[in-house]
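Undergrad: mind folding the following:
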Amino acid sequence: MFGLDRAWGYLSHPGMRNSGAIAIAKGSIMALRTGFLLWVAHEAGPGAFGRLALCVSTTELLRIAADFGTQTLSIRRIARAKDVKECAGHLIAMCRFRALSTIGCVLLYFGIVTAVFSGHIHMLDILPVGLLVTSLATSLPLTFYQAKLEMNRAIAPILGCGALFIVYSLAFGKYSIVSETAGLVVYEAVAAIILIVAVFRRVGINIHALWYEKLNQTIGGLAHECLPIAGGALLATVYTRIDVYAVKAIAGAVALGLYSYAFRLTEPFRYLALSIEASLYSHLSAKLAGHSPKLPRFGLIAKLVLTYSLGFSVIAYILGIGMTRLFFPGYGVAAPTILVLCCALFLRCVNGYQTAVQNALGRYRLTGNFSVVSFFVTMALIYPLTKDYGFLGAALTLLIMETLNFLLQGYFYRRSVIALRRGYA
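TA: Below is the predicted model of the structure:
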């Protein structure tokens, strides 16, 4: 009973409640995106779906590049901030950097899709760039709410706009994939604007302060400080998203559609895990700042992480196979890939927690080194395995890489926890 009481006490902690709010807020955005992509997979078939999935994956890769680690650094700083004015300064610096990086990544997006599709660009290839912009805009206010463990304030705007998007989809989206994509972009844009206005009012940011107020840190200084985080995050995204380009180049558009379908079935559960990791990162950043007399309960946290990681993986596989048999029989050949990706999902969730611990300690260079190793392992395996096993080889590459990452991070995680316990003894 004592162990259960401790577990319940941690589950009822504000940080864990904030994880639930993150899951609802960010999860609803991801659910609508995933639902949209699965609808396209059903309506258009593997070939056309693979093309759209590649465009969406490109926006996800560029989102990390445009963020450049500013969200990770800002969450830690805002969580430790002493007053609202200090929070406002961090948000303004983040906003100025994002404005420039977003413009650059939008231009880069058009360059990438033009090269991949040999200049034959359709409207459906252009619209996903809007999802890049809306993701970057939405994450700005969510950074503040996440750092302050107040993600519940973001739920109403996101769910309200989401409900309007669903109504729009039922009324107009069925007529065209293009109109449905445009509606998704508009939904995310409206939700982002509402959240930005709310947070800026909360911390006292106005248009003049946003662009003209003098800050202690320049854009160049922020970029330099974020460089280790950005390098690690970008490499981590590349080695988990390079698969779509490898499958497209080696196995073709149909294989890409089949692989993307399997991957998208596991992604909602990965985002649920990310919502928990985000709150753990904010919570641990504050606890390990030197203000708390007690060390976080790493043993209990690890048990909770292993439990939800295993649960998400099993549920993802059961639902994925069930949905394929009932609604997507044309994608039945992807069943073995779904199994491999669900096994990789377990490791991705555990590795995400271990990364959160190291980031909370400010060891961004260490987590960046993990990404460097994983990147080179992925690049060494992705093409030969995809050539020999088709899109299943891409999934096997991800599983092997995450297994190595798990072993490597686990070693340093144990060393960090032991050192912390000695320091608090």
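Undergrad: residues in contact with residue 40?
TA: 48, 49, 52, 177, 180 (Cβ atoms under 8 Å, 6 or more residues apart in numbering). Placement of C-beta: from N, CA and C, glycine included.
Undergrad: count of neighbours near the nearest residue to it once chain neighbours are set aside?
TA: In space, and not counting its chain neighbours, residue 40 is closest to residue 49: 5.3 Å by Cβ to Cβ, 6 or more residues apart in numbering. The local packing of residue 49 (other Cβ atoms under 10 Å) involves 27 other residues.
Undergrad: and the contacts of residue 40, which of them are in helices?
TA: In helices, judged by DSSP state H, the following of the contacts of residue 40 are found: 48, 49, 52, 177, 180.
Undergrad: rebuild these as CSV, extending it with pLDDT and distance to residue 256.
TA: Output for these, formatted as CSV (pLDDT from 0 to 100; distance: Cβ to Cβ, whole Å):
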residue, pLDDT, distance to residue 256
48, 77, 11
49, 80, 8
52, 84, 10
177, 81, 17
180, 85, 21
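Undergrad: and which of those is nearest residue 385?
TA: For these, the closest approach to residue 385 (Cβ to Cβ) belongs to residue 49, at 22.7 Å.
Undergrad: ok, the closest one touching residue 55?
TA: No. Using Cβ atoms under 8 Å, residue 49 makes no contact with residue 55, being 10.8 Å away.
Undergrad: how about residue 30, what does it touch?
TA: Residue 30 makes contacts with 267, 268, 271, as judged by Cβ under 8 Å, 6+ apart.
Undergrad: from the residues you listed, which single one is nearest residue 26?
TA: residue 271 (6.4 Å).
Undergrad: quick one: distance of the helix or strand containing residue 32 to the chain centre.
TA: Per DSSP states H and E, residue 32 falls inside helix 14-67. Offset of helix 14-67 from its chain centre (Cα atoms, centre = their mean, to the nearest Å): 9 Å.
Undergrad: and the next helix or strand past that helix?
TA: For helix 14-67, the following helix or strand on the C-terminal side (DSSP H and E) is helix 70-80.
Undergrad: in that following helix, what counts as buried?
TA: For helix 70-80, the neighbour count (16 or more other Cβ atoms under 10 Å) marks 70, 71, 72, 73, 74, 75, 76, 77, 78, 79 as buried.
Undergrad: for residue 134, give me its contacts.
TA: Neighbour list for residue 134: 185, 188, 189, 192 [criterion: Cβ under 8 Å, 6+ apart].
Undergrad: from these, list the buried ones, please.
TA: 185, 188, 189, 192.
Undergrad: my read is that the second one contacts residue 135, right?
TA: Yes. With contact defined as Cβ under 8 Å, residue 188 and residue 135 form a contacting pair (7.4 Å).
Undergrad: low pLDDT regions in this structure?
TA: Along the chain, segments meeting pLDDT under 70 span 1-19, 119, 173-175, 216-218, 230-234, 236-241, 286, 289-294, 424-425.
Undergrad: tell me, how many residues neighbour residue 117?
TA: If you count neighbours by other Cβ under 10 Å, residue 117 ends up with 15.
Undergrad: number the chain from 846, please
TA: Yes, from this point I'll number from 846; that puts the last item at residue 962.
Undergrad: tell me the phi and psi of it?
TA: phi -100, psi 20 (degrees, to the nearest 10).
Undergrad: re earlier: redo the contacts of residue 875 as a markdown table? Include distance to residue 1171.
TA: Converted to a markdown table, these look like this (distance: Cβ to Cβ, whole Å):
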| residue | distance to residue 1171 |
| --- | --- |
| 1112 | 20 |
| 1113 | 17 |
| 1116 | 23 |
